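Chemist: here is my input; please provide its structure:
(chains A and B)
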Number of protein chains: 2
Amino acid sequence: MSTRAGIVVTGTEVLTGRVADRNGPWLADQLRVLGVDVSHVVVVGDRPADLHAALTFLAATDASLVITSGGLGPTADDLTADVVGEFQGRASAVDPALEARIAVIVDDLVARRGWRTDTAATAAGVAKQARVPHGATVLEPVGTAPGLVVPPGEGRSGPTILVLPGPPPELQGMWPAAVAADAVQRALAGRSELRQETIRLWGTLEAQLAVTLREHERELADLEITTCLRDGELEIVTRFAPAAQPAYDRLGDLISEHYADTLFSTGPTLDELVAIAFADRGLTVATAESCTGGLLAARLTAWPGSSAWVLGGVTAYANSAKEQLLDVPGTMLAEHGAVSAEVAAALADGARVRLGADVGVGITGIAGPGGGTPEKPVGTVHLCVSGPEGQEARSLVLPGSRTAVRERSVTRAMHLLRHLLAGGPPA
Amino acid sequence: MSTRAGIVVTGTEVLTGRVADRNGPWLADQLRVLGVDVSHVVVVGDRPADLHAALTFLAATDASLVITSGGLGPTADDLTADVVGEFQGRASAVDPALEARIAVIVDDLVARRGWRTDTAATAAGVAKQARVPHGATVLEPVGTAPGLVVPPGEGRSGPTILVLPGPPPELQGMWPAAVAADAVQRALAGRSELRQETIRLWGTLEAQLAVTLREHERELADLEITTCLRDGELEIVTRFAPAAQPAYDRLGDLISEHYADTLFSTGPTLDELVAIAFADRGLTVATAESCTGGLLAARLTAWPGSSAWVLGGVTAYANSAKEQLLDVPGTMLAEHGAVSAEVAAALADGARVRLGADVGVGITGIAGPGGGTPEKPVGTVHLCVSGPEGQEARSLVLPGSRTAVRERSVTRAMHLLRHLLAGGPPA
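Modeler: The predicted model follows:
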């Protein structure tokens, strides 16, 4: 890898976690595809000195490009363009032509949304957004803020700084123009392809895999292998130069050989596998969820085109909903309780029958923090997937918070669907 | 603010976006409550040199405490403890007593999960996790990895480094012990209370607010105000020392005075307001979702205790589900199409009636990327909330990706609920 980059994500709202950063990871992935390796993502609040310190840090690494996101809005806490200009030794001034173009965009936006505004406020905001460091390249706004490519000022060395807006749709929309800019191309000269491949195991420990990797350390020396265990899925991500493809093929063979019983994917995510399996087999699905409250349906329908195979589902929080919409017998609820294997199976069957689907999924459990008992503690979850070739069920006690219990239940249901439809390791 | 801290989040899976970082924001918020200000969150991959560079950077700021998360697992890419020990000038060695305690935890975990493992692999992983820099304080494992408090080595200066595990439940579980550790208390000496308050407006532009803030710049000088516009909500977060409380009260008055028509909260989030309104008024709700596929139900039920007021919902993706589970007339679907204001109202009523709820919500739309037509482009969404005191409906064309259209539709539905139940600015 001859070319590296650093990323600065600005915004006190990101630093303090009120907004999750989506730009750092997205930029890192785009750069990887271009053959550029990212060393650090630095999140910094809306304070000029802290932003300056982050730029100083990244300029001192071997990065030839630094990308900033955010801080290009119309208000006083949006200070990225000025700080970057100063850092590169380039004074900023309002670009009148750019100012006029932004004014048109803002007027149109205000008119469309019917927002209340006043002329002076709008004009001040527009002028602020039209400030450009001398010699910088302007990237046309996707929202209201322009991007900037700011090379080091005359007689200076260091990375070129690419300044992008914070809202992810704006940043992503501006990316093609940013990459095409001459100054960015110059900063990225010398980059080389880096491949990335992913292998997924279900139910193998990191420590176990580590033995295999250690045993074959020399054969795999040219691979950068990272492993991550999440909700029972061991994700093995490998990055390598094209010349190391044989070493990667060897890794694939080793894993097929040693972990055939847990290997469920050499690429696609769990969600992709489930979507592909439904589409390929021409089957439909319906859900019946209690504790997960619609999360499984939301996850299945997140997939574009899922309307071809998701018929729908029922969130049956109240017992009355389980009875009336999914035909769970009141006697069963009384005898076994709403959180039981029996009710999970009845939910799955109810969803199948009521929605006329090939496959039904039932989930019932206690997500907490309240509602647990000694017999049925918080985290107790019963799952059932019922299809044309039979059914599979699991009864679990999952650890963690309300959110964790809900998410893990949904992941487990996805594995049940994956196994029922496409085989592979049991869920 | 006399005490500042820096945070390092390690892990190539975080740097490349495969896993979203939840630790940086969580730690920043915990530190804020303690009166410690965070300057930077640095995300770094599993490479010793890059981690070392991040520590060097943060040590050169005015941070008296640096917190790392992640890189404490049993595999070769987990290198935080050794790198931190070396950075602080403290050699690491296996702590035999700690090794024995971790071995018990791991054996228990493997037995409970029924994972396949082998003795040598497990022992090597345990020994790796039991390596402690000389003179460091061990924080007992919550999962399998211990935490560490590593002050600068003898004769050195710089921040104390608090080393925490990566999985959020482990990091959060270890936090009380970490804060109580003497070396951490010493590093945080001199901290002072910092208050944080939030005001939320619905439908005011940042540039408009900026005018008000500029006009009263001097009265508000002791406040650190940051604004963030997201899906139509302008969030105004203010941090200030206790002595600046009168200035904050003045800000509150100014906003009440100038933005009464868009001010919907002086604290609680939209989701809290909706949950509180349902609980206070003793009303129940049921949802009927097409394009949002269960996301609204999932968002409502994310709230602990929501089972008291959420009866359930139907994800009606297929028209047959709309007809059979929610009584949307087939003639209406044929005449107006599934994506229409008429069907949104029928969905809301169907959910109310079928689930016996006080309030019903109907959402139908085209989330994309496919399915749009010139008359009904991608992003077309019809919403209806129907309650005992009448109904409110909105027809919108929302911008953005499939994910954005779905999320924005749900947020708009939450505002409709908020307005119907609790008043405030219209949704």
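Chemist: in which helix or strand does the residue lying farthest from the centre of chain A reside?
Modeler: The outermost residue of chain A relative to its centre, with distances by C-alpha atoms, centre = their mean, is A:Thr331 at 43.3 Å. Counting by DSSP states H and E, the element that carries A:Thr331 is helix A:330-336.
Chemist: can I get the CA coordinates of that helix in PDB?
Modeler: C-alpha atoms of helix A:330-336 as PDB (Å, rounded to 0.1, in the frame of the first residue of the first chain):
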ATOM      1  CA  GLY A 330     -56.700 -18.300  24.300                       C
ATOM      2  CA  THR A 331     -56.400 -21.600  26.200                       C
ATOM      3  CA  MET A 332     -52.900 -22.000  25.000                       C
ATOM      4  CA  LEU A 333     -52.000 -18.500  26.200                       C
ATOM      5  CA  ALA A 334     -53.600 -19.300  29.600                       C
ATOM      6  CA  GLU A 335     -52.000 -22.600  30.000                       C
ATOM      7  CA  HIS A 336     -48.400 -22.000  28.700                       C
END
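Chemist: is that helix anywhere near chain B?
Modeler: No: on the criterion C-beta under 8 Å from any C-beta of the partner chain, helix A:330-336 is out of touch with chain B, staying 14.1 Å away. Bear in mind the C-beta positions are built from the backbone N, C-alpha and C, glycine included.
Chemist: got a list of contacts for stretch A:49-66?
Modeler: With C-beta atoms under 8 Å, 6 or more residues apart in numbering or on different chains as the test, stretch A:49-66 has contacts from A:3-8, A:10, A:36, A:39-40, A:42, A:44, A:68, A:71, A:79-80, A:83-84, A:86-87, A:158-162, A:184, A:187-188, B:39-40, B:53, B:57, B:61.
Chemist: check stretch A:380-400 too.
Modeler: Contacts of stretch A:380-400 (C-beta under 8 Å, 6+ apart): A:283, A:291, A:339-341, A:343-345, A:347-349, A:352, A:358-366, A:372, A:377, A:379, A:404-405, A:408-409, A:412-413, A:416-417, A:419-421, A:427, B:169.
Chemist: how does it look with 7 Å?
Modeler: A:291, A:339-341, A:344-345, A:348-349, A:352, A:358-366, A:377, A:379, A:405, A:408-409, A:412-413, A:416-417, A:419-420, A:427, B:169 (C-beta atoms under 7 Å, 6 or more residues apart in numbering or on different chains).
Chemist: for PyMOL, what selects the buried ones among those?
Modeler: Selection of buried members from the contacts of stretch A:380-400 for PyMOL, criterion 16 or more other C-beta atoms under 10 Å in any protein chain shown:
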select buried, chain A and resi 291+339+340+341+344+345+348+349+352+358+359+360+361+362+363+364+365+366+379+405+408+409+412+413+416+417+419+420+427
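Chemist: strands - which of the contacts of stretch A:380-400 land there?
Modeler: If you go by DSSP state E, these have A:Val359, A:Gly360, A:Val361, A:Gly362, A:Ile363, A:Thr364, A:Gly365 in strands.
Chemist: which ones are touching the fourth one?
Modeler: Okay, so that is A:Gly362. For A:Gly362, the contact set (C-beta under 7 Å, 6+ apart) comprises A:Ala288, A:Ala344, A:Ala345, A:Ala346, A:Leu347, A:Ala348, A:Ala351, A:Cys384.
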